[in-house]
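sequence and computational prediction follow.
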Amino acid sequence: MTVPKPGVYRDVPPQTYHSWSAASNGALTALMRSPAHLRAYLDDERKDTPALTLGRAIHAAVLEPDRFTSDYTFFASKRTTTEGKAEYEELLTNFDAANVLTHEQWQTCIAVRDAVFACSKARGLITGKGDAELSLVWKDETGVKCKARWDRWSPELPGGVCVDLKSTTDASPYAFSRDFYRYGYHRQGTLYMRGGAALSMAAKHYAVIAVEKEPPYGVLPYRMDDADLQYTAPLVEALLRRYAQVMKQKTFEGYPDKVHDLRMPQWMFDLMERQTEEVGA
């Protein structure tokens, strides 16, 4: 689908946003592996899965609680029975099938929402004046048309803040800091900041609310360090230029055909050092 002109768009369905032909953090993350992975990412129809359904529902429960209560419901009966099928069909007259959760999913959404709002620092990031689920389109300074979907924009906080909500299995600093860089959230934050600057949005900071999906639903808000944003910028710029080159030449080669040596990353050295100290204690 053709991407719209540069701007900030509200109330864009996820499937519409994903259909826009523009560079995104997901595309750049795929390109980090190879152009072939980028091609596979662009061709992916992104079929719904229980994990995606739950993720969208959690976002709605936390970031748009009024919409969550009006647009979502749960179905606790068995759809294999005649009565259950009839009850489910009745629900579909008022709710989209993608918004009908299991009772367990519903309870998880409520528990995550309550945990986030019980954390004063996290609550402060997503309350007050602002917008949720904003879709951005801009022409980057590299000349590449880009897109981003901000979970929450809080312009009245000091400097303005772009907020991402990340559900995780472990929100502790040691575990989540690894996930943050492992999953490319640092590139995402940098790309989002580039988009906000290009569209003259008040957003000096990139913050992430990490919330666990299982009891006790631990919550920790994080802010990406300014130095890390600057340090990541050359990588994002290089990826955008590589993206433009690949899309122009339509060359989607895979991994190079050679043997690579395996070397432990620095975080593994740190982990083993900590484990050795614990074992020897």
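All right, it came through fine. Residues are numbered from 1 along each chain as shown.

poorly predicted segments of the protein, please.
Where the chain drops to pLDDT under 70, the residues are 1, 281.

now whatever helix or strand E278 lives in, how far from the centre of its chain.
Element membership for E278, per DSSP states H and E: helix 266-280. Distance, stretch centre to chain centre, for helix 266-280: 30 Å (Cα atoms, centre = their mean, to the nearest Å).

send me it as CSV with only the CA atoms.
Provided in CSV are the C-alpha atoms of helix 266-280 (Å, rounded to 0.1, in the frame of the first residue of the first chain):
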residue,chain,number,x,y,z
GLN,A,266,31.1,-9.1,26.3
TRP,A,267,27.9,-9.6,28.2
MET,A,268,28.7,-13.3,28.3
PHE,A,269,32.1,-12.7,29.8
ASP,A,270,30.4,-10.5,32.5
LEU,A,271,27.8,-13.2,33.1
MET,A,272,30.4,-15.9,33.6
GLU,A,273,32.4,-13.7,35.9
ARG,A,274,29.4,-13.1,38.0
GLN,A,275,28.4,-16.8,38.0
THR,A,276,32.0,-17.8,39.0
GLU,A,277,31.9,-15.5,41.9
GLU,A,278,28.5,-16.9,43.0
VAL,A,279,29.6,-20.5,42.7
GLY,A,280,32.8,-19.8,44.6
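
hmm, who's touching it?
Applying Cβ atoms under 8 Å, 6 or more residues apart in numbering, the contact partners of helix 266-280 are R178. Where C-beta positions appear, they are placed from N, C-alpha and C, glycine not excepted.

stretch 88-95 too?
Under Cβ under 8 Å, 6+ apart, the answer for stretch 88-95 is 71-73, 75, 77, 79, 100.

could you identify which of the residues you listed has the most neighbours?
Y72 (20 neighbours; other Cβ atoms under 10 Å).

separation between the residue nearest to that residue when sequence neighbours are not counted and M268?
Once flanking residues are discounted, Y72 sits nearest to N99: 4.8 Å by Cβ to Cβ, 6 or more residues apart in numbering. To M268, N99 is 42 Å away according to Cβ to Cβ, to the nearest Å.

export the contacts of stretch 88-95 to JSON lines and tack on distance to F176 and secondary structure?
Listed next are the contacts of stretch 88-95 as JSON lines, based on distance: Cβ to Cβ, whole Å; DSSP: H, G, I helix; E, B strand; the rest coil:
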{"residue": "D71", "distance to F176": "29", "secondary structure": "helix"}
{"residue": "Y72", "distance to F176": "27", "secondary structure": "coil"}
{"residue": "T73", "distance to F176": "31", "secondary structure": "strand"}
{"residue": "F75", "distance to F176": "33", "secondary structure": "strand"}
{"residue": "S77", "distance to F176": "37", "secondary structure": "coil"}
{"residue": "R79", "distance to F176": "37", "secondary structure": "coil"}
{"residue": "V100", "distance to F176": "31", "secondary structure": "strand"}
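
ok, these vs S120, which is closest?
Of all these, S120 sits closest to Y72, with 26.0 Å by Cβ to Cβ.

for A118, grab the count of nearby residues.
Residues lying near A118 (other Cβ under 10 Å) number 11.
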